[in-house]
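Q: How does the following fold in three dimensions:
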Amino acid sequence: MSEERKVEMLLRYRGMEIKLSGTPNEVTKAFLDFMSKMLPAYEIVNRLVMTVDLDKLLRDLEGIVALTPEGVIVTTPRDNMGERETILLHLLKTNVGYQLGKLEEDAISLADILTQTGGKPSTTAARLSELVNQGWVERVGRGKYRITTFGVKSFQETVLPKLKTGGEAK
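A: Numbering: from 1, shown residues only. Modelled structure (predicted):
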């Protein structure tokens, strides 16, 4: 194995010390095996943790969201979505832009949501309230909103497939 492909890890736990070395995959597997043996609950907790696979999300958003020199934009027509899905897509676009280092914040203001979605203030506020109650969106600061991990996963599983097939997501 070439020296540049080798990873070494020194692991100390409860007075025990082990050294792991090998390819990144081998060391990761050995570490996870160690954790599941030393901390049986780790495996259970690991299955309960909800995360978003950014690579998969970006592949799923192909043709719906695009990165441009001006920023992250939605490329799918609004008439393919209901009000809730339009709001969520713009919050998701903001989240992705933040994760990719294209935006400084992962939250956007109600005013920006209205500008980007073309929605009416009362309808948009009502949909945001519903989404907050569902746990898909959280309110941060004064009048700013961000999509939650649960919101990203739910949108990815329920709305994106409909957008990809051209069916209306409502």
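Q: L10 belongs to a strand?
A: Yes - judged by DSSP: H, G, I helix; E, B strand; the rest coil, L10 forms part of a strand.
Q: Pretty sure I113 sits against T124.
A: Yes - between I113 and T124 there is a contact under C-beta atoms under 8 Å: 6.1 Å. Where you see a C-beta, it was placed from the backbone N, CA and C, and this is true even at glycine.
Q: what is in contact with these two at once?
A: Counting by C-beta atoms under 8 Å, 6 or more residues apart in numbering, the common neighbours of I113 and T124 are I87.
Q: Just want to know which of those two has more residues nearby.
A: Ranked by neighbour count (other C-beta atoms under 10 Å), I113 and T124 place I113 first, with 23 against 19.
Q: need the contact list for the more buried one.
A: Taking C-beta under 8 Å, 6+ apart, one finds 87, 90-91, 119, 124, 128, 145 in contact with I113.
Q: can you give me the helices in the chain?
A: Counting by DSSP state H, one finds helices in the chain at the ranges 24-38, 40-48, 54-60, 83-99, 110-117, 121-134, 149-154, 160-165.
Q: per-domain residue ranges of the protein.
A: Following automatic domain parsing, one gets these domains for the chain: 3-48, 54-165.
Q: Now find how far off-centre the shortest one is within its chain.
A: Averaging C-alpha coordinates over domain 3-48 and over its chain gives two centres that are 26 Å apart (C-alpha atoms, centre = their mean, to the nearest Å).
Q: pLDDT of that domain, averaged?
A: Domain 3-48 shows a mean pLDDT of 80.
Q: and if you look at the longest one?
A: For domain 54-165, the mean pLDDT works out to 93.
Q: going forward can the numbers begin at 714, since that is how I track them
A: In the new count, where the first residue is 714, that last one comes out as domain 767-878.
Q: Now, of the contacts of I826, which are buried?
A: Listed as buried from the contacts of I826 are 800, 803-804, 832, 837, 841, 858; burial here means 16 or more other C-beta atoms under 10 Å.
Q: which one among those gets closest to K875?
A: I800 (15.7 Å; C-beta to C-beta).
Q: Surely that closest one is in contact with R840?
A: Yes - if you go by C-beta under 8 Å, I800 and R840 touch, sitting 5.5 Å apart.
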